[in-house]
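>>> requesting a structural model of the entry that follows:
(2 chains)
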Amino acid sequence: MQPIEVDHVSRIYQKYSARHRFQTFKSALVKGDLFRSLRPDELVTALDDVTLFVEKGQTFGVIGENGSGKSTLLKLIAGIAKPTQGEVRTQGKISALIELGAGFHPEITGRENVFINGIMLGLTKKEITAKFDDIVEFAELEEFIEAPVKTYSSGMYMRLGFAIAINVNPDILLIDEVLAVGDAAFVPRCLDRIDDFRRRKKTILFVSHDLSTVGKICDRVAWLKNGRVRMIGESKRIIDAYLQDVAEKQERSFERRQQEPFIESSDQDRRENRWGKREIEITRVVLKNARGEVGHVFSPEDGMLIEMDVVAHEAADDFAFGIGIFNSQGICCYGTNTFLEEYEPVSIQGEGKIIFRIDKLSLVNGTYYLDVAVHKRDGYPYDYHRNLYSFLVSSTHKDVGVGLLLHTWSFTSGIGIKPPQD
Amino acid sequence: MTRILRNLRELYRYRVLIQNLVVRELKARYRGTVLGFLWSFFNPLLLMIVYTAVFGLIINPRDPSFEKSPFVYALYLFCGILPWHWFATSSLESANVLMINGNLIKKILFPAEVLPVVTVTSNMIHFFFGLPILLLFILIMGRPLTLYALLLPVVVLVQYVFTLGFSLMISSLTVHFRDIKDILSNWLTFWFFATPIIYAMTFDSIQKSGPLRLMLNLNPMTHVIQGYQYCLYYNSLFHWKRLGITLIVSLILFVIGYMIFDRLRDSFAEEV
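The predicted structure follows:
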């Protein structure tokens, strides 16, 4: 028997209609439908025939979008909810870090709450007394432990909750997204503790949106989608597949947005981000990948083409074309124009097309916004589009920064280091 | 039935938690007050003064059962009010208890019946704090405190079973029907007056009317409250048969209440 066995489990939630919410006991009695009204109007399948096994000593990750059933799965394993179908079998003492400090009473002191919370989580009084100093020290609350919990900051609250839960010393540790709220100093210490658990060959089930942590600590990962197991396997492979899926989804939603009528001068918020008298007008902007396919998600290894269609409504001999790429923090990653690059304008009239070709899109993961403009050399704008277009750079690497510097690593022979597998 | 026994065994395993939660409940109640725990004594004392003033001096009972003395009447009143208060507060609080602790039910694995048990138990402890005031009052009045007072634990046990059964039922049903709370508070007012607390079964009007007597006798709380009155006021054992039947009724209510609770248990985590 393995520590966690989830065997063809389905969980169906009963959803009651809005009318039912206000159903009263009185009206149920009057209408004589007391038991009928206890029946749900609609069923929501949160988990659908999920089967997975976690071996002893394994750190098992569960990833998936919001609403994919991760937390439901965790609750079923913790025993807080019961499966509608199938069976969940567990072996050993379970501690669930679902919500830290659930059950703290605000009026009584931290010390008293440690005892009550610890007992709720399955410790005996003696065990808590023995571990009390550890808990307080880990939570860094020595000064405040005698104060009522209502005076704690949310960080202190969380630290105390984590410190208790981690000291339960379970055979199986269930962690649900709890580290998301910790501060920069506390989270690494929590991860240290979790590492400690792994070294002691305890079984961990880790639910998180933080894919880099999942990739770092998990041996195996299950990807849930719409309540079903989409894939189970070695963590890097699953995370990559998941990222791919997310990117495709983003692509689709970008495309949907793209289908909206393009550049409408009446469109209020568009106009706010667009100025100039449009003697020369940019009528269309399209992003393409190196193979010439229109897209909005790009890989750094890939190139990108920015195509602009322009119409000069009157002839002009003073003009320059420019682009600017901004990241989500509004930092300009790169900006240039034909004037800066000393192109000499001669004449423009009627329709035309400009292609800005980027051979290698040296940017890190993230969403980027694009400025395109046509203006006079002194800066007078004909048509300026401010952050009207966006695209996504999706990479499996987690490097950071404003731009990606092309680089290589090299090591002398004394250093043993393996290059990445792929 | 076997499920209930299994649940009770499970509940016994959680006795330390229950004990700690009761202590927490008691501590938290008066946290931040100047008098702290003394309020557990002052509350019933003040309550008694109010009732003595209103019912003893203003309404002034002429019935010979109270020796025509407002203080004797106040004592009688107090014998009933104190346990009634335990019952009424427990029921009202348990109507809320699953919702208030929804966070716990959703996030931590433990039997939910711990919560109504804690409510009823902590209110019982409060009742115990009031008892010395009552006993003191009896002594000050120069009335005898007889060996019958030693039967009090039996009465307390009957009331505990009855109150817990009622609370289990109320707490689980309120999760689905929130307005049970409001119905309950009105129902408790009616129930209060349908129980011989401010009047006695020995009143002529009750003795003469068969249907009225029957109605009052069908109310289990009548016999619970009379249990206290017989132990502390009438000093007699006259009552024990009825109390025995009430114990059986209480056990039945407890089983029904627990069955309803158990039936609805799985819906708590979603509905609270």
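>>> which residues touch the residue located most distally from the centre of chain B?
With distances taken from the mean C-alpha point of chain B and given as C-alpha atoms, centre = their mean, the most distant residue is residue B:107, at 30.8 Å. By C-beta atoms under 8 Å, 6 or more residues apart in numbering or on different chains, the contact set of residue B:107 is A:80, A:96, A:98-99, A:102-103. Every residue, glycine included, has its C-beta placed from N, CA and C.
>>> let's see it at 7 Å
A:98-99, A:102 (C-beta atoms under 7 Å, 6 or more residues apart in numbering or on different chains).
>>> apart from its chain neighbours, what residue comes closest to it?
With C-beta to C-beta, 6 or more residues apart in numbering or on different chains as the criterion, residue B:107 has its nearest non-adjacent residue at 3.9 Å, and that residue is residue A:102.
>>> surely that neighbour and residue B:105 touch.
No - the pair residue A:102 and residue B:105 fails to qualify as a contact (C-beta atoms under 7 Å) at a distance of 9.6 Å.
>>> what do these two both touch?
If you check residue A:102 and residue B:105 against C-beta under 7 Å, 6+ apart, no residue is contacted by both.
>>> find the centremost residue of chain B, please.
Note: chain B centre (C-alpha atoms, centre = their mean) maps to residue B:87, 2.2 Å.
>>> what about the helices in the stretch 51-200 of chain A?
Ranges of helices within the stretch 51-200 of chain A are A:70-78, A:110-120, A:125-139, A:154-166, A:186-199, based on DSSP state H, counting those that start in this stretch.
>>> among those, which comes closest to residue B:124?
Among the helices of the stretch 51-200 of chain A, helix A:110-120 comes nearest to residue B:124, with 19.5 Å by C-beta to C-beta.
>>> tell me what the helix or strand harbouring residue A:205 is packed against?
For residue A:205, the host element (DSSP states H and E) is strand A:203-207. In terms of contacts (3 or more C-beta pairs under 7 Å, 6 or more residues apart in numbering or on different chains; DSSP states H and E), strand A:203-207 is packed against strand A:59-63, helix A:70-78, strand A:172-176, helix A:186-199.
>>> cutoff 10 Å now
strand A:42-54, strand A:59-63, helix A:70-78, strand A:94-97, strand A:172-176, helix A:186-199, helix A:211-217, strand A:220-225 (3 or more C-beta pairs under 10 Å, 6 or more residues apart in numbering or on different chains; DSSP states H and E).
>>> okay, these in TSV with distance to chain B and mean pLDDT next?
Compiled in TSV, these are given as follows (distance: least, C-beta to the nearest C-beta, whole Å; pLDDT from 0 to 100):
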stretch	distance to chain B	mean pLDDT
strand A:42-54	10	86
strand A:59-63	17	91
helix A:70-78	6	87
strand A:94-97	7	80
strand A:172-176	9	86
helix A:186-199	18	83
helix A:211-217	22	82
strand A:220-225	19	91
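>>> nearest to residue B:3, out of the ones you listed?
Among the helices and strands packed on strand A:203-207, the nearest to residue B:3 by C-beta to C-beta is helix A:70-78 (21.1 Å).
>>> quick one: contacts for residue B:162?
Neighbouring residues of residue B:162 by C-beta atoms under 10 Å, 6 or more residues apart in numbering or on different chains: B:87, B:120, B:220-221, B:223-224, B:246-247, B:249-254, B:257.
>>> list buried residues within the residues you listed.
By neighbour count, with 16 or more other C-beta atoms under 10 Å in any protein chain shown, the contacts of residue B:162 hold B:87, B:120, B:220-221, B:223-224, B:246-247, B:249-250, B:253-254, B:257 as buried.
>>> circling back: sheet partners, orientation included, of the strand holding residue A:205?
When pairing is defined by DSSP bridges, strand A:203-207 lines up against strand A:59-63 (parallel), strand A:172-176 (parallel).
>>> report the distance from it to the chain centre.
Centroid displacement of strand A:203-207 relative to its chain, using C-alpha atoms, centre = their mean, to the nearest Å, is 18 Å.
>>> hey, where'd the strands end up in chain B?
Ranges of strands within chain B: none, based on DSSP state E.
>>> helices of that one, start to end?
B:2-13, B:15-29, B:39-51, B:70-100, B:102-107, B:114-140, B:152-176, B:180-193, B:204-208, B:210-218, B:220-229, B:240-271 (DSSP state H).
>>> count of neighbours near the closest residue to chain A within the stretch 151-272 of chain B?
Closest to chain A within the stretch 151-272 of chain B is residue B:177: 3.5 Å, counting by C-beta to the nearest C-beta. Residue B:177: 19 surrounding residues under other C-beta atoms under 10 Å in any protein chain shown.
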